[in-house]
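Colleague: Build me a model:
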Amino acid sequence: MPTLETHNGYALWHYIPSIAAAIIFAILFFAVTSYNVFRMIKSRAWFCIPLCIGGLFEIIGYCGRASAYDRTGQLLPYIIQSIFILLGPILMAATVYMVSGRIITRTNGEPHSFVPARWLTRIFVGSDVFSFLVQSSGAGLMVQSSSTNMGRILIVAGLVLQVVGFGIFVTTGALFYVRMRKVPTRASVEYGCWERVMRVSGAMSILLLIRFIFRVVEYAMGNDGYPLHHEWTLYVFDAVLIFSAMVLFGVYHPGRIRKTIDETSQEELVVRYGEAFDNKSQRGRLEG
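Modeller: Here you go, the predicted structure:
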């Protein structure tokens, strides 16, 4: 049976990591990442590359946890699982930003967006990159016994920045969805599945946001906190949420959206969007 060991007198782990759970999630993330890569290549949706890299990070991270099962005193497995599991979801969030920006552009929905489409991806991806760098620096310091506290502070700061930025993004997306539903543009009707894509992006955003908040709590509580002493919290509030987000994205992949106005009857459009669309359509026919 493996026993808890220390590294130069410092306890990297407060429990023996489950090798079974780590292997299961490494396999699950390999499967869902492979599927997302397949969908991305098939639809040439290259903006999904960050999400796929994030999935690769998860695979590496959980392989690191599995290898730490009987090596709790060794630094390398701890570093691998800590850094890659921490940073993977940041890349997935970048894909969600890009999907939302493309929907706003595709539907000519800038008047309904709190943040202009041309700036949406730049602002939030830029915020994520900065958060990524801060958390990376913190993770690097965490593995040095003399700089553990500073590393924890940097990680918490990066996570808080991420939660705030992501919260603003979720609010922006929700406002856009409500406004576009009330006053649809002609382009939004032609791009008939924008609502489904936005709902999927919204669901993914909620899952990611819950995970980000959990990580803030985890690191803010420090080494004596409940999460770092109980492994189940990582799997429930991180692994399961991120895996669910990737499954959701793969099943309702943005690359699948090809529905146009030609595939939707005039009657269905009027029922869905009301007289506003009917009047626009009739004006268009009269002008034609």
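
Colleague: so Ala174 is in which element?
Modeller: Assigned by DSSP states H and E, Ala174 belongs to helix 148-182.

Colleague: okay, Ala187: pLDDT?
Modeller: Per-residue pLDDT puts Ala187 at 82.

Colleague: how close does Arg71 sit to Gly140?
Modeller: In this view, Arg71 and Gly140 are 20 Å apart by CB to CB, to the nearest Å. Where C-beta positions appear, they are placed from N, C-alpha and C, glycine not excepted.

Colleague: so where's this structure uncertain?
Modeller: 143-146, 192, 256-288 (pLDDT under 70).

Colleague: List the buried residues for stretch 38-47?
Modeller: Within stretch 38-47, the residues scored as buried using 16 or more other CB atoms under 10 Å are 39-40, 45, 47.

Colleague: Pull the most distant pair out of these.
Modeller: Spanning the widest gap among the buried residues of stretch 38-47 are Arg39 and Phe47, at 12.3 Å by CB to CB.

Colleague: what helix or strand is the spatially closest residue to Leu12 that is not a sequence neighbour on?
Modeller: What sits nearest to Leu12 in space, not counting adjacent residues and going by CB to CB, 6 or more residues apart in numbering, is Tyr78, at 4.5 Å. Following DSSP H and E, one finds Tyr78 within helix 75-106.

Colleague: Ok, Phe243 next?
Modeller: Using DSSP H and E, Phe243 maps to helix 240-251.

Colleague: What lies in contact with that helix?
Modeller: Contact with helix 240-251 is made by 25, 28-29, 32-33, 35-36, 39, 48, 51, 55, 58, 88-89, 92, 95, 200, 203-204, 207-208, 210-211, as judged by CB atoms under 8 Å, 6 or more residues apart in numbering.

Colleague: List the contacts of stretch 13-29.
Modeller: In contact with stretch 13-29 (CB under 8 Å, 6+ apart) are residues 2-4, 55, 58-59, 62-63, 65-66, 68-69, 72, 78, 81, 223, 228-231, 235, 239, 243, 246.
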